[in-house]
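Chemist: attaching a predicted model along with its sequence, questions to come.
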Amino acid sequence: TDVGPTTGSGTGNKGDTKTLNIYEENGTYYLADMTHTGNIETYDAKNATSNYSIVTDSDKYFTSPAQRAAVDAHYYADQVYDYYKNVHNRDSYDNQGAPIYSIVHYSTNYNNAFWNGESMVYGDGDGVTFSPLSGANDVIAHELTHAVTEKTAGLVYENQPGALNESFSDVFGYFVDPDFLMGEDVYTPNKSGDALRSMSNPDLYGQPSHMNNYKYLPNTKAGDWGGVHTNSGIPNKAFYNTVTKLGKAKSEKIYYRALVYYLTPNSSFADAKASLVRAATDLYGTTDASTVANAWSQVGVN
Ligand SMILES: O=C(O)[C@H](CCc1ccccc1)CC1(C(=O)N[C@@H](Cc2c[nH]c3ccccc23)C(=O)O)CCCC1
Ligand SMILES: [Zn+2]
């Protein structure tokens, strides 16, 4: 038996088969993609909330039920790494090839996922509100984009900058999974057609889509830090207005440029409009820039 990267496969949360970049060493196979910088390694919390162990198998087929969440987390982390590298020439979230860690089976029946500053962490859901959250590539893109935002604009996770932080994660979730729903693949597994959020119609899931309905919530944990997951509906709708006019290829360049070069930790919605208009002008000129400006005026950001 040799040592090094190899190709394996596994069964995902939906029972599908996915090809995986894995690593073998003396008859043990690891969910570790060491084929490029930004090594991708996937761990199992075994329903605890600390002490994770890397997912291994005695052969290159990760097909046990307990491995399904890890298979999707590993596969989609690779997909999102490839997106940032191939489309934006960004080598991992720090653009310096930082390793990408994922942890599955976090806690028990945990209906959420999060970026903890160095890893993406996924709950299994309770089977009613969510199925295992690694089962949706827009969720993986959302979480990894929090890491990109942290390393670039650094948008503070509260009030308007926090809602922008949230929106940029949903926006790059769209670029990886181009539909205007967020989390639809893992949300309410027993009900079809719904989602956690809608970017085309934020109001459908209780989010405002205009400044007139901006929700002033307390900047506390209970207030979701000023409603960052609520008020993101407004910039999300502005994104919908933009991408339906300019298309995906131009929009992803404009949004990436604004995030990396123009947005700053305390950027407001008005600052985001200005940043995106400036990025659009840099890249495509004043006509497209005015399309971006109008997209934000339509949601009440003047
Ligand atoms: O990354 C984020 O913004 C969310 C991270 C939430 C979190 C933050 C800190 C510690 C623990 C959890 C996770 C996601 C999210 O939007 N969560 C929302 C909605 C939500 C999911 N599960 C929930 C359970 C209860 C209430 C709300 C929720 C939230 O936490 O508000 C993003 C994509 C899917 C889940
Ligand atoms: Zn988020």
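Modeler: Nice, thanks for sending it over. Ligands and ions are numbered 1, 2, ... in the order given.
Chemist: list the contacts of the closest residue to Thr63 other than its chain neighbours.
Modeler: Beyond its immediate neighbours in the sequence, the residue positioned closest to Thr63 (C-beta to C-beta, 6 or more residues apart in numbering) is Thr11, lying 4.7 Å away. For every residue, glycine as well, the C-beta is placed using N, CA and C. By C-beta atoms under 8 Å, 6 or more residues apart in numbering, Thr11 lies in contact with Thr17, Lys18, Phe62, Thr63, Ser64, Gln67, Arg68, Val71.
Chemist: identify the bridge partners of the first one.
Modeler: What that stands for is Thr17. Thr11 (DSSP bridges).
Chemist: ok, the closest residue to ligand 2 within the stretch 101-250 of the chain - contacts?
Modeler: Residue of the stretch 101-250 of the chain nearest ligand 2, by C-beta to the ion: Ser169 (4.5 Å). Contacts for Ser169 (C-beta under 8 Å, 6+ apart) come out as Ala141, His142, Glu143, Thr145, His146, Thr149.
Chemist: make it 10 Å
Modeler: Neighbour list for Ser169: 115, 138-139, 141-149, 155, 182, 232 [criterion: C-beta atoms under 10 Å, 6 or more residues apart in numbering].
Chemist: repeat that for Asn116.
Modeler: Per C-beta under 10 Å, 6+ apart, neighbours of Asn116: Tyr101, Ile103, Tyr106, Glu143, His146, Ala147.
Chemist: just the ones of those in helices?
Modeler: Those of those mapping onto helices are Glu143, His146, Ala147, per DSSP state H.
Chemist: check those against ligand 1, which are close?
Modeler: Contacts with ligand 1 are made by Glu143, His146 out of the ones in helices among the contacts of Asn116, judged by C-beta under 6 Å from any ligand atom.
Chemist: quick one: which of the ones in helices among the contacts of Asn116 is nearest to Tyr81?
Modeler: Nearest to Tyr81 among these, counting by C-beta to C-beta, is Ala147 at 11.3 Å.
Chemist: state the distance from the closest one to ligand 1.
Modeler: Using C-beta to the nearest ligand atom, to the nearest Å, one obtains 11 Å as the distance from Ala147 to ligand 1.
Chemist: what about the nearest residue to that residue once chain neighbours are set aside, how many residues nearby?
Modeler: Closest residue to Ala147 apart from its sequence neighbours, by C-beta to C-beta, 6+ apart: Tyr93 at 3.6 Å. Applying other C-beta atoms under 10 Å, we find 25 residues neighbouring Tyr93.
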